[in-house]
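Trainee: Show me how the following folds:
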Amino acid sequence: MTVVIERRYDWGVQANDDSPGATTKRRRSPARAQMVRSAATLIRERGIHGVGLREIVAHSGGPRGSLGRYFPGGKTQLMTEAIDVVIAELSDEVDEALTQAKTFPDAIGAILAPWRRLLVEHDFALGCPLAATVVDAADNDELRVHVSELLAHWQASVADVYVRFGDRPSLAEEQSTVFLAAVEGALILARARRSTEPLDTVERYFATRPPQ
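Mentor: Here you go, the predicted model:
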């Protein structure tokens with residue numbers, strides 16, 4: 001699940017000071033990092049429209065009035081960085097597990113394991129930030145396009161797994177589309193039912209249908 005995260009907002013933290021040292025200091029600020037993580041959590045709980053900037057500051061315990069300094073690009077910048085952090089962390093975990101996968105069922109399990117753990121550890125309160133953002137981002141082309149790119153990277157990485165275990169590239173693309181749609185649907189059902197059973201079902205279904 002290798003996802004390439006572009007640093008699209010470096011210009012933002014330089015708005016008040018163009019020196020490299022000031023830019024690095026702001027990006028490494030613990031308060032700023034906590035705001036990004038708080039935004040990521042709240043997005044997965046409530047979606048984009050269900051999260052206000054004041055709520056993010058309160059959730060993070062950050063200093064009031066710091067949003068403009070840390071995120072001159074506003075809510076879009078903060079939400080984009082939050083999504084990138086979540087997906088990058090999940091990607092790292094999946095990539096490490098996939099390198100050890102010896103069989104196709106192992107690979108399917110490796111892709112789904114982080115999502116199952118996320119649901120259980122957070123009592124089914126958190127879901128996929130990509131799905132939550134797509135639903136709410138109809139009026140924000142920048143976010144919609146960014147999430148679409150991340151979903152495309154995710155689908156491509158799943159297609160690579162199918163190819164690795166024997167599928168033709170054209171068929172792997174179709175399989176990865178179906179798999180991605182099934183996973184996103186299973187995450188919604190899992191939260192609604194407060195059970196990992198939908199994800200377990202998806203894993204069994206795809207693991208028993210290896211590449212041809």
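Trainee: okay, CA-based contacts and neighbour counts for the rest of this
Mentor: OK.
Trainee: Can you give me the end-to-end span of stretch 46-66?
Mentor: 23 Å (C-alpha to C-alpha, to the nearest Å).
Trainee: cool, and stretch 67-77?
Mentor: This stretch, stretch 67-77, spans 10 Å end to end (C-alpha to C-alpha).
Trainee: quick one: average pLDDT of it?
Mentor: The average pLDDT for stretch 67-77 rounds to 88.
Trainee: Compute the distance from the centre of that stretch to the centre of its chain.
Mentor: The chain centre lies 20 Å from the centre of stretch 67-77; the measure is C-alpha atoms, centre = their mean, to the nearest Å.
Trainee: Stretch 101-108 too?
Mentor: 22 Å.
Trainee: three-state assignment of G166?
Mentor: coil (DSSP: H, G, I helix; E, B strand; the rest coil).
Trainee: As a check, name the ranges of all helices in this protein.
Mentor: Secondary structure of the chain by DSSP state H: the helices cover 20-27, 30-46, 53-60, 67-70, 74-100, 104-121, 129-136, 141-164, 169-193, 197-207.
Trainee: Looking at these, which one is packed in the most?
Mentor: Greatest average neighbour count among the helices of the chain goes to helix 30-46 (a mean of 21), per mean count of other C-alpha atoms under 10 Å.
Trainee: Which residues does that one contact?
Mentor: With C-alpha atoms under 8 Å, 6 or more residues apart in numbering as the test, helix 30-46 has contacts from 26-27, 50-51, 56-57, 59-63, 70, 78-79, 81-83, 85-86, 125-129, 132-133.
Trainee: report the angle between the axes of that helix and helix 129-136?
Mentor: Relative orientation of helix 30-46 and helix 129-136, computed by axes from the mean of the first three to the mean of the last three C-alpha atoms, to 10 degrees: 70 degrees.
Trainee: worst average pLDDT in the helices of the chain?
Mentor: helix 20-27 (a mean of 46).
Trainee: how close does the residue nearest the centre of the chain get to V57?
Mentor: Nearest to the geometric centre of the chain sits I87, at 3.2 Å (C-alpha atoms, centre = their mean). Per C-alpha to C-alpha, I87 is found 22 Å from V57.
Trainee: Please determine how far S29 is located from Y70.
Mentor: 9 Å.
Trainee: before we move on, what about V86?
Mentor: V86 is 19 Å from Y70, by C-alpha to C-alpha.
Trainee: burial count for G65?
Mentor: 10 (other C-alpha atoms under 10 Å).
Trainee: no wait, R168
Mentor: Other residues close to R168 by other C-alpha under 10 Å number 14.
Trainee: Please apply the same query to L126.
Mentor: L126: 22 surrounding residues under other C-alpha under 10 Å.
Trainee: correct me, but it touches L119?
Mentor: Yes. The pair L126 and L119 passes the contact test of C-alpha atoms under 8 Å, sitting 6.2 Å apart.
Trainee: Alright, calling it a day.
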